[in-house]
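In: Provided below for reference: sequence and predicted model.
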Amino acid sequence: MKYPRHHLALALFMLGSANPALAAPQQADLILRHVTMIDVEKGRAIPEQAVVIKGDTIVATGNDKIVSRAWKAGQTVDGNGGYLIPGLWDMHVHFGGGPELVDENKALLPLYIANGITSIRDCAGDLPHQVLGWRDDINQGRLFGPTLYTSGPKIEGIKPVWKGTIEAGSKADVDNAITQLKGLKVDFVKITDSTLDPTLYLYAISKARREGLLVSGHIPYALTIDQAVDAGMSSIEHLDYAFKAGVRDEAVLAADFAAGKLTRGAVQDKIDAGFDPATAKAAYKKMAANRVFVTPTLSISRTIAYLDKDDHSKDPELAFIGPKLRATYQWRVDRAAKATAEEKIARHRHFEQMAAILPMLRKEGVTIMAGTDAGFLNSYDYPGFALHDELAQYVRYGMTPADALRSATRAGPDWFGKLDRYGAIGQGKAADLVLLERNPLKDISATKSIRMVILRGKTHDRAALDGLLATAQAQVATWNSIAGTKQLN
């Protein structure tokens, strides 16, 4: 019996598909071979894997022997047993300091790549339109840097402390602000509380959520954390606010502050004294049920708390920060120096008490998002480098290395609703990867042992990463020289 020719071809195709050894290898751009793949979701290491990349997308993963027979590529990298993780995300960074600092801010972008950070979330500064432009330039391949998500200008009250804001003094103002932000195609909304009326603050959250936008922010002392959660807050920035949610009489404190009966300092003292584990547990359960994530920014909090003890004047990372940006650090240093001995002790005690809630948040199901607060004003909080310090603090204060790693690889994509594309190593996922020398599931400091970064499918080996750092350092040295010359004149 004779079969039509197309039936025979189909049979041969099916035979080849079932047996990769008989099929012609498929073509790709890049194969990473002999890697130990870190499954960050399940916290396990899978040895002898291969990862195949076409363009900016992973098209295959699996046992190295099987995958390497089925695929050929223009570039092959021998991982030699190194540990492959998804690209790191820093979910709280800032760019700012005024128009004179645009170049120094822009020069920070390669520092993120050199540190294995392939995505960042800009939580507003005073250069919002420049940052929006950088975001689009990066997406179009015109600018080298990590994938950048930004809030654009933050929403604030009338004549706020913070610059680069959209000022709102009425519901109509808030409506107009949300319309402006949607027109700018921001990735989320940032709201702070310098002068914004508490009622408008809650209205702004709910309005943004109704318009399909995620909301991040600080929370006014005149409100409870519970009120912000009920309004639709998406992420709470800084661990202080999560700590405040665990205070037994928080509603009373908020009302007294709103009525002018308590100063901010007095409220803080009562918060420190009134933390109650049972109250905190209930609050954290509700936050988890409402998918409210927490970005602790723990490293900068510790740095500020211990400025009286730690000398940062010889930090090697200072060599990568321009002179004008370094100058913005001084205000915190000066303020810390004015503190009394009792105030310094209280500052240390508050930080340690606050940091201790991390395991409780995790136990109750709250998602922790790694974020550093790195950027202008925040003293010795170095863009790129700080994320590794942040993760080390998480482990120091009770999180497992696996949980800490998830906070910097999966939490960000989860918050943005992008886990279909990021946060894991698998078919269809973005080719944003970091190859490490050591296993981060055993020692979180291994995130610093970077051998290679793959950004949008392009490899940057250790020599290339060192080149990024050298270029950044040389640029800062030039700026330092110019600044020194101006001072002499």
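Out: Structure received.
In: quick one, helices of the stretch 101-250 of the chain?
Out: 102-106, 109-114, 128-139, 171-183, 198-210, 225-231, 239-244, 250-258 (DSSP state H, counting those that start in this stretch).
In: and the third one, what does it pack onto?
Out: This points to helix 128-139. Secondary-structure packing of helix 128-139 (3 or more Cβ pairs under 8 Å, 6 or more residues apart in numbering; DSSP states H and E): helix 102-106, strand 147-150. Every C-beta, even on glycine, is put in place using the N, C-alpha and C of the backbone.
In: winner for burial among the ones you listed?
Out: strand 147-150 (a mean of 22; mean count of other Cβ atoms under 10 Å).
In: that one pairs with which strands?
Out: strand 117-122 (parallel) (DSSP bridges).
In: how far does the partner strand sit from its chain's centre?
Out: 6 Å (Cα atoms, centre = their mean, to the nearest Å).
In: and for stretch 65-83?
Out: 30 Å.
In: ditto for stretch 366-374
Out: 6 Å.
In: give the buried residues for the strand or helix carrying P359.
Out: Taking DSSP states H and E as the criterion, P359 maps to helix 358-363. By neighbour count with 16 or more other Cβ atoms under 10 Å, helix 358-363 contains the buried residues 358, 360-362.
In: quick one: those as TSV, columns for distance to A474 too.
Out: As requested, these are exported to TSV (distance: Cβ to Cβ, whole Å):
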residue	distance to A474
L358	39
M360	46
L361	42
R362	42
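In: how many other residues sit next to A24?
Out: 9 (other Cβ atoms under 10 Å).
In: picking that back up, now the helix or strand just after the helix holding P359 and strand 117-122, what's the angle there?
Out: Toward the C-terminal end, the helix or strand that comes next after helix 358-363 (DSSP H and E) is helix 386-396. If you take axes from the mean of the first three to the mean of the last three Cα atoms, to 10 degrees, helix 386-396 sits at 90 degrees to strand 117-122.
In: nearest to K163, of the helices of the stretch 101-250 of the chain?
Out: Comparison of the helices of the stretch 101-250 of the chain against K163 by Cβ to Cβ identifies helix 128-139 as nearest, at 9.7 Å.
In: how close does G322 sit to T400?
Out: As defined by Cβ to Cβ, to the nearest Å, G322 lies at a distance of 37 Å from T400.
In: ok, M91 next?
Out: Applying Cβ to Cβ to M91 and T400 gives a distance of 19 Å.
In: export stretch 93-110 as PDB, just CAs?
Out: Output of stretch 93-110 as PDB, limited to C-alpha atoms (Å, rounded to 0.1, in the frame of the first residue of the first chain):
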ATOM      1  CA  VAL A  93      15.100  53.900  43.200                       C
ATOM      2  CA  HIS A  94      15.200  57.700  42.600                       C
ATOM      3  CA  PHE A  95      16.600  60.100  40.100                       C
ATOM      4  CA  GLY A  96      16.800  63.800  41.000                       C
ATOM      5  CA  GLY A  97      18.600  66.800  42.400                       C
ATOM      6  CA  GLY A  98      17.600  69.300  39.700                       C
ATOM      7  CA  PRO A  99      18.400  70.000  36.100                       C
ATOM      8  CA  GLU A 100      22.100  70.400  36.800                       C
ATOM      9  CA  LEU A 101      22.300  66.800  37.900                       C
ATOM     10  CA  VAL A 102      20.700  65.200  34.800                       C
ATOM     11  CA  ASP A 103      24.000  63.800  33.500                       C
ATOM     12  CA  GLU A 104      25.100  62.400  36.800                       C
ATOM     13  CA  ASN A 105      21.800  60.700  37.200                       C
ATOM     14  CA  LYS A 106      21.800  59.200  33.700                       C
ATOM     15  CA  ALA A 107      25.300  57.900  34.300                       C
ATOM     16  CA  LEU A 108      24.000  55.700  37.100                       C
ATOM     17  CA  LEU A 109      22.100  53.400  34.700                       C
ATOM     18  CA  PRO A 110      25.000  51.200  33.700                       C
END
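In: which outside residues touch that stretch?
Out: 120-127, 130-131, 134, 138, 143-146, 163-164, 321-325, 328, 371-378, 383-384, 468, 471-472, 475-476, 479 (Cβ atoms under 8 Å, 6 or more residues apart in numbering).
In: list the strands paired with the biggest strand by length in the chain, with their directions.
Out: When the chain is scanned for its longest strand (criterion: DSSP state E), the result is strand 26-39. Paired strands of strand 26-39, with direction, are strand 44-54 (antiparallel), strand 71-78 (parallel), strand 83-86 (parallel) (DSSP bridges).
In: what sits up against the longest one?
Out: To tie it back to what came earlier, the one meant is strand 44-54. Here strand 44-54 makes contact (Cβ under 8 Å, 6+ apart) with 28-39, 58-65, 67-68, 71, 73, 81, 83-84, 425, 431, 433, 439, 441, 454, 457.
In: equivalent analysis for stretch 170-189, please.
Out: 121, 132, 135, 149-153, 155, 166-168, 200, 203-204, 207-208, 211, 213-217, 234, 416.
In: pipe the strands paired with strand 26-39 into CSV and attach distance to D389 per row.
Out: Output for the strands paired with strand 26-39, formatted as CSV (distance: least, Cβ to Cβ, whole Å):
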stretch, distance to D389
strand 44-54, 24
strand 71-78, 29
strand 83-86, 18
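In: looking at those strands, which is nearest to T263?
Out: strand 83-86 (45.0 Å).
In: might one say that W71 is in contact with A23?
Out: No: using Cβ atoms under 8 Å, W71 makes no contact with A23, being 10.5 Å away.
In: of the two, who's got more company?
Out: Under the criterion of other Cβ under 10 Å, the comparison of W71 against A23 puts W71 first, with 22 against 15.
In: tell me what that one is bridged to.
Out: Residues in beta-bridge contact with W71 (DSSP bridges): Q26.
In: so what's it up against?
Out: Contacts of W71 by Cβ under 8 Å, 6+ apart are 25-28, 31, 50, 52, 60.
In: quick one: mean pLDDT for the helix holding P359?
Out: For helix 358-363, the mean pLDDT works out to 98.
In: in terms of secondary structure, what does it contact?
Out: Counting by 3+ Cβ pairs under 8 Å, 6+ apart, helix 358-363 packs on helix 277-289.
In: what's next to the helix it packs on, contact-wise?
Out: Against helix 277-289 from outside (Cβ under 8 Å, 6+ apart): 225-226, 229, 236, 242, 245-248, 250, 294, 357, 360-361, 364-367.
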